[in-house]
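[1] Give me a 3D structure for the following:
(one chain, ligands or ions: 1)
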Amino acid sequence: MADRVAEREYDIVIVGGGPAGLTAALYAGRNKVRAALVEAKGAVVDGRLLGAGGQLLNTELIEDYPGVRSILGPDLAEIMTEQAQQFGTEMLAASVERIRVDPDGTKVVETDQGELRAPAVIITAGGNPRKLGVPGEAELAGVGVSYCAVCDGAFFQGAHLAVVGGGDAAVEEAVFLTRFANRVTIIHRRGELRAQPILAEEARRNPKVDFILDTVVEAIEGDRKVKSLRLRNVVSDEVSSLEVGGVFIFVGFLPNTGLVDTHVDHDPAGYYLTDPLTMETSVPGIFAAGDVRSQLTRQVTTAVGDATTATIAATKWVEERARRRRAGDEGPR
Ligand code: NAP
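    Just a heads-up that it's a prediction; the model follows:
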């Protein structure tokens, strides 16, 4: 069972334990600030956080993390967690329900285990897969509709699978699914893929992968398991049916940016806008890193870089605030 964390005071609270959060914990520990990382999916056993890593846990192989030729996602998550813990950041297993900004500028992180208070917060809360929102998707989730190839791919030995989406995730996961499936059909709403050329080329070269382009899924059909997809070609308006054993949906990501109880500037898709030099949001003392931040791409490498910047900036910010307070300047920050 998780420790109760009621009413603790820190310099920095880090919300979320994916690559960005673990990097922030590492740097905060090394900067010798009083910091805590809160991770909802983790468990603390003998003082060690287990089960952190965010999306690394759903990633099979990582081959684009410099310095590491190739590593399984869960293995990288374990190493990052251990390394982050070495330098003294407190690791807590709790679910963050709300982040409140008190009138004196203190950030109060309300969790299901109690409140954490700090002048600065780094939000590294990642997000969740976007849903298609078509009939059958919710009803057949877990019985043929999936958002995680690593988690569910092995259930589809020899099957014909559909993958919906045209971005990096769709193309990469389609290739991964050919380990199990006999055929993987990528269904994309436009005539060309959004994915990086190197990933798209790998999918095109794979004899088990084929493509249905300019096409949307209008419904997922089946009774207690997925049987077929109703498709519509957006150019010809032609409706067709595709028999499949399962459908994996990779149509983007919804950031966890709804936790702060005051307005934080964000882009039209809901990602936080941050100062490029410091990763600070529009709320003084609230920093953001990783997949919650508005940016061109979302990689482990960018999450780690953002979090490094955010933590160094947050540390300076906390020290400057303390200096000003000692000098009698009681601003709202
Ligand atoms: P993404 O790049 O936003 O792509 C989402 C795809 O889903 C797009 O092709 C989009 O179509 C399509 N889509 C969105 N809404 C849809 C809907 N309602 N119906 C049908 N299709 C829809 O998302 P992602 O692939 O999840 O990647 C997220 C981020 O992670 C990206 O920055 C990506 O670079 C990164 N990533 C990187 C790697 C890697 O480097 N190995 C692997 C995975 C993810 P349109 O193209 O028409 O917009």
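[2] Which residues of the stretch 201-333 of the chain lie near the ligand?
    Those residues of the stretch 201-333 of the chain that sit near the ligand, judged by CB under 6 Å from any ligand atom, are 216, 250, 251, 252, 253, 297, 298, 299. Glycine gets a C-beta too; all of them are placed from N, C-alpha and C.
[3] Quick check: phi and psi at the residue lying closest to the fourth one once chain neighbours are set aside.
    Read that as residue 252. For residue 252, ignoring the flanking residues on the chain, the nearest one in space by CB to CB, 6 or more residues apart in numbering is residue 130 at 4.4 Å. Dihedral pair for residue 130: phi -70, psi 140, per degrees, to the nearest 10.
[4] Verify the contact between residue 130 and residue 269 for me.
    No - in this structure, residue 130 is not within contact of residue 269 by CB atoms under 8 Å, at 9.6 Å.
[5] Who has more neighbours out of those two?
    residue 130 (15 against 12; other CB atoms under 10 Å).
[6] In contact with the residue of the stretch 151-300 of the chain found nearest the ligand: list those residues for me.
    When distances are taken as CB to the nearest ligand atom, the stretch 151-300 of the chain reaches nearest to the ligand at residue 167, 2.4 Å away. Contact partners of residue 167, counting by CB atoms under 8 Å, 6 or more residues apart in numbering, are 193, 194, 195, 250, 251, 252.
[7] got those as TSV, with pLDDT and distance to residue 329 columns?
    Below are these laid out as TSV (pLDDT from 0 to 100; distance: CB to CB, whole Å):
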residue	pLDDT	distance to residue 329
193	97	54
194	96	49
195	97	51
250	97	50
251	97	49
252	92	44
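[8] between the residues you listed, which has the most around it?
    Of all the contacts of residue 167, residue 250 has the most neighbours under the rule other CB under 10 Å, reaching 24 neighbours.
[9] So what's the residue count around the spatially closest residue to residue 234 that is not a sequence neighbour?
    In space, and not counting its chain neighbours, residue 234 is closest to residue 214: 5.3 Å by CB to CB, 6+ apart. Residues lying near residue 214 (other CB under 10 Å) number 15.
[10] Give me the nearest residue to residue 261, chain neighbours excluded.
    According to CB to CB, 6+ apart, the nearest residue to residue 261 is residue 100 (5.2 Å).
[11] what helix or strand is the one you found on?
    Assigned by DSSP states H and E, residue 100 belongs to strand 96-101.
[12] Tell me the pLDDT of the residue nearest to residue 252.
    Note for residue 130: predicted pLDDT of 94.
[13] Contact partners for it?
    Taking CB under 8 Å, 6+ apart as the test, what residue 130 contacts is 251, 252, 253, 254.
[14] show me the contacts for the third one.
    The one in question is residue 253. 127, 128, 129, 130, 291, 298.
[15] Can you classify the last one as helix, strand or coil?
    Under DSSP: H, G, I helix; E, B strand; the rest coil, residue 298 falls in the coil class.
[16] what are the phi and psi angles of it?
    According to degrees, to the nearest 10, the main-chain angles of residue 298 amount to phi -130, psi 100.
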